[in-house]
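Asker: Attaching a predicted model along with its sequence, questions to come.
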Amino acid sequence: MTELAFMTATDLALLIKSKQLSPVELTQHILNRIDHFDPTIKAYITPLHELALYQAKEAEASIMQGYYKGPLHGIPIGIKDNYCTKGIRTTDGSKLFANFIPHQNAPVVEKLLTHGCIILGKTNMHELAAGSTGTNPFFGTTRNPWNVDYMPGGSSGGSSAALAAGLAILATGTDTFGSIRLPAAMCGIYGLKPTHGLISTQGIFPSAWSLDHAGPMARSVSDLALMLSYMAGYDANNPPSIRAHIPNYSKNLHKSIKGIRIGIPTYYLEGLDPDVEKLFKNAIAILQNLGANIKEIAIPELSMTTFAGYVTVTGEASAFHDDWLRTYPEDYSQDIRTFFLSGTLTNTTQYIRSQQARRRMAKAFHKAFHEVDMMLGPTIPITTPSFSDHWVEQNLEVVRRCLPFTVPANLTGVPSLSVPMGLCTNGLPVGMQFIGKYFCEKQLLQIANTWESVQPLSISINK
Amino acid sequence: MNDDAKFISQSLKMQGFAVYKDDIPYIRSILHTIHQTQIALRSFPNLYETFPITIVDKRLLQ
């Protein structure tokens, strides 16, 4: 029965469609696991047992009557707690919004529900989606299921931990400077930050408007593809939303990568922890064996990443929080308050310079994509740290180390998909990210799918 | 209190934010990171000519 909790949605959907598996049975099984494991893992801020069972019963009844909605019908999902959910409290991981109950669903939630997903609960997150460790002094700190002394990453740490622990089949995340990809890497799962504007961010708490992305998180590439097919799409009410062709992301996922040109920006080879470096070199060799043409490329504009990332994130976040920071400063934990207040002390010139740097970086990416089909780098340069007693310092330090690796895709808006790369010396997963051209999610999914076939979580530095 | 700390404290106060003494070293560290990494912009002397990426909602202007 444990294996049921770790099956992919793609496989479970076949069982549900053919009536070999009841959505009620599946949901109850996951809810039992939540009861058993979540007091330790703390992947959920608000588990929704009653609602989930009600939705599962409805799904089952409708499937038994012959109304099968498609591959999401009857699949239990965790929704990150910064996505608004009608009638269900949505905290954004913050004391400020501990009692906020939205009147409507975020459009993406509405889509997932319309297609039959069952909401297991609202997943835990780093406060206000503005940190990378998963510590949360208000709702409890999420722990990494691979080893509970270690962090799950953030800010979508509840979603990644729920997936890694078999406490959800699918989960949603958001990514402003790495919040989908970083926890995906730390928990050994798959996470996609799509092209900016491909998935509506309407009804999701903003962190930094120009960098915010919503995206899918899952235990397999096929499940990312499945989720993306339903999450993507134009939203007239969402200013960043772009009218784009939405292909069937699940179709033709199995495609040879022979001859594909992959560029490794030399920027991504600097400052790597030894284990990350070893596993990354190993991954390159495997991809070459699979037929990829890999070469190092120079993108000097990436040197502006950290400046542009910090100034844009802290500036936009402090603008959104200006009133609350004045009125309720003690309702922020110290790492987030100091991060946001820093944004009030940078100046307009620095903000504009950052936006100039972003255009230059985007142009440099365009140019690089004439030479290569996609880029590759470690998702983050460090191995997963264990929790420190000095959590404020640790949170700020993890951001300082990791943001330079994750934020380029947010600053430029290109899609980036994090996959597990192997296990490091301490037995925890490490990730790498494929970075693609605008709206080339399908190509990213295809190469990630090929990579998944090498079973990266069986690659261990200790072997 | 050194000059950086004084500047941070006074700037926050002037803007109407509560100042917590324990916050200052962290804010200083973040601002230091920003300041240090701003140096990278010097490698792009024509950056000032670049049109910044701005949040323009074209649908609003139609």
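Answerer: On my side now, so go ahead.
Asker: Mind naming the longest helix for chain B?
Answerer: helix B:24-38 (DSSP state H).
Asker: Does the next helix or strand after that one reach chain A?
Answerer: With elements assigned by DSSP states H and E, the helix or strand that comes after helix B:24-38 is helix B:58-61. Yes. Against chain A, helix B:58-61 shows contacts by CB under 8 Å from any CB of the partner chain at B:59-60. Any C-beta I mention is one placed from the backbone N, CA and C, and that applies to glycine too.
Asker: Mind listing residues that contact helix B:58-61?
Answerer: Residues outside helix B:58-61 that contact it (CB atoms under 8 Å, 6 or more residues apart in numbering or on different chains): A:236, A:239.
Asker: So for that helix, what gets flagged as buried?
Answerer: Neighbour counts over helix B:58-61 (16 or more other CB atoms under 10 Å in any protein chain shown) mark no residue as buried.
Asker: I'd like the average pLDDT over that helix.
Answerer: In this model, helix B:58-61 has a mean pLDDT of 74.
Asker: Likewise for stretch A:441-452?
Answerer: Rounded mean pLDDT across stretch A:441-452 is 98.
Asker: Next to chain A, which bits of chain B? Give me the list.
Answerer: So chain B meets chain A at B:8, B:11-12, B:15-18, B:20, B:22-23, B:26-27, B:29-31, B:33-34, B:37-38, B:40-41, B:43-44, B:47-48, B:50-55, B:57, B:59-60 (CB under 8 Å from any CB).
Asker: residues making contact with the longest helix of chain B?
Answerer: Residues from elsewhere that reach helix B:24-38 (CB under 8 Å, 6+ apart): A:304, A:306-307, A:310-311, A:314, A:334-335, A:338-339, A:341-342, A:345-346, A:350, A:353, A:392-393, A:396, A:400, B:4-5, B:8-9.
Asker: So what's the gap between stretch A:377-384 and the chain middle?
Answerer: 15 Å (CA atoms, centre = their mean, to the nearest Å).
Asker: can you check stretch A:77-96 too?
Answerer: How far stretch A:77-96 lies from its chain's middle: 16 Å, per CA atoms, centre = their mean.
Asker: Buried ones in that stretch, by neighbour count?
Answerer: Result for stretch A:77-96 [16+ other CB under 10 Å]: buried residues A:77-85, A:88, A:90-96.
Asker: what's the model's confidence in the longest helix of chain B, averaged?
Answerer: 97.
Asker: Put the alpha carbons of it into CSV.
Answerer: Below are the C-alpha coordinates for helix B:24-38, written out as CSV (Å, rounded to 0.1, in the frame of the first residue of the first chain):
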residue,chain,number,x,y,z
ILE,B,24,20.8,46.1,11.8
PRO,B,25,23.7,43.6,11.2
TYR,B,26,21.5,41.5,8.9
ILE,B,27,20.3,44.5,6.9
ARG,B,28,23.9,45.7,6.7
SER,B,29,25.0,42.3,5.4
ILE,B,30,22.3,42.3,2.7
LEU,B,31,23.2,45.8,1.6
HIS,B,32,26.8,44.9,1.6
THR,B,33,26.0,42.0,-0.8
ILE,B,34,24.1,44.4,-3.1
HIS,B,35,26.9,47.0,-2.9
GLN,B,36,29.6,44.4,-3.7
THR,B,37,27.8,42.8,-6.6
GLN,B,38,27.0,46.2,-8.1
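Asker: tell me which residues in that helix are buried?
Answerer: B:24, B:26-28, B:30-31, B:33-34, B:37-38.
Asker: Quick check: closest non-adjacent residue to whichever residue of chain B sits closest to chain A.
Answerer: Here chain B gets closest to chain A at one residue, B:P52, 3.4 Å apart by CB to the nearest CB. Of all residues not flanking B:P52 in the chain, A:Q355 sits nearest, at 3.4 Å (CB to CB, 6 or more residues apart in numbering or on different chains).
Asker: element containing that neighbour?
Answerer: Applying DSSP H and E, one finds A:Q355 within helix A:348-371.
Asker: List of residues touching that helix?
Answerer: Here helix A:348-371 makes contact (CB under 8 Å, 6+ apart) with A:261, A:263, A:265, A:297, A:299-302, A:304-305, A:307-308, A:311-312, A:315, A:375, A:408, A:411-414, A:437, B:34, B:38, B:41, B:44, B:47-48, B:50-54.
Asker: Are any of these buried, and if so which?
Answerer: Neighbour counting with 16+ other CB under 10 Å marks A:263, A:265, A:297, A:299, A:301-302, A:304-305, A:307-308, A:311-312, A:315, A:375, A:408, A:411-414, A:437, B:34, B:38, B:41, B:44, B:47, B:50, B:53 as buried within the contacts of helix A:348-371.
Asker: Now, these that are in helices?
Answerer: Among the buried ones among the contacts of helix A:348-371, the members found in helices (DSSP H) are A:305, A:307-308, A:311-312, A:315, A:408, A:411-412, B:34, B:38.
Asker: Nearest to A:S388 among those?
Answerer: B:I34 (23.6 Å; CB to CB).
Asker: Drop anything exposed from the contacts of helix B:24-38.
Answerer: Among the contacts of helix B:24-38, the ones that count as buried by 16+ other CB under 10 Å are A:304, A:306-307, A:310-311, A:314, A:334-335, A:338-339, A:341-342, A:345-346, A:350, A:353, A:392, A:396, B:8-9.
Asker: any idea whether A:M421 is helix, strand or coil?
Answerer: Secondary structure state of A:M421, per DSSP: H, G, I helix; E, B strand; the rest coil, is strand.
Asker: Could I get the contacting residues of A:T40?
Answerer: By CB under 8 Å, 6+ apart, A:T40 lies in contact with A:143, A:148.
Asker: From chain B, how far out is the spatially most central residue of chain A?
Answerer: Nearest residue to the geometric centre of chain A (CA atoms, centre = their mean): A:I180, 1.8 Å. According to CB to the nearest CB, to the nearest Å, A:I180 and chain B sit 21 Å apart.
Asker: State the distance from that residue to A:N282.
Answerer: As judged by CB to CB, to the nearest Å, A:I180 and A:N282 stand 24 Å apart.
Asker: Same check on A:I299?
Answerer: From A:I299 across to A:N282, the span is 24 Å (CB to CB).
Asker: For the residue of the stretch 51-200 of chain A found nearest chain B, give me its contacts.
Answerer: Closest contact between the stretch 51-200 of chain A and chain B, by CB to the nearest CB, is at A:H196 (10.3 Å). By CB under 8 Å, 6+ apart, the contact list for A:H196 reads A:213, A:240, A:242, A:410, A:413.
Asker: and the residue lying closest to A:C424 once chain neighbours are set aside, which of the three is it?
Answerer: What sits nearest to A:C424 in space, not counting adjacent residues and going by CB to CB, 6+ apart, is A:D275, at 3.8 Å. Following three-state DSSP, we place A:D275 in the helix state.
Asker: Count residues in the vicinity of A:D275, would you?
Answerer: 18 (other CB atoms under 10 Å in any protein chain shown).
Asker: Sketch out the low-pLDDT regions of the stretch 51-200 of chain A for me.
Answerer: Residue ranges of the stretch 51-200 of chain A with pLDDT under 70: none are present.
Asker: orientation of the longest helix of chain B relative to helix A:348-371 in degrees?
Answerer: Helix B:24-38 runs at 50 degrees relative to helix A:348-371, counting by axes from the mean of the first three to the mean of the last three CA atoms, to 10 degrees.
Asker: Now do the strands in the stretch 101-250 of chain A.
Answerer: A:118-123, A:170-174, A:190-193, A:214-218 (DSSP state E, counting those that start in this stretch).
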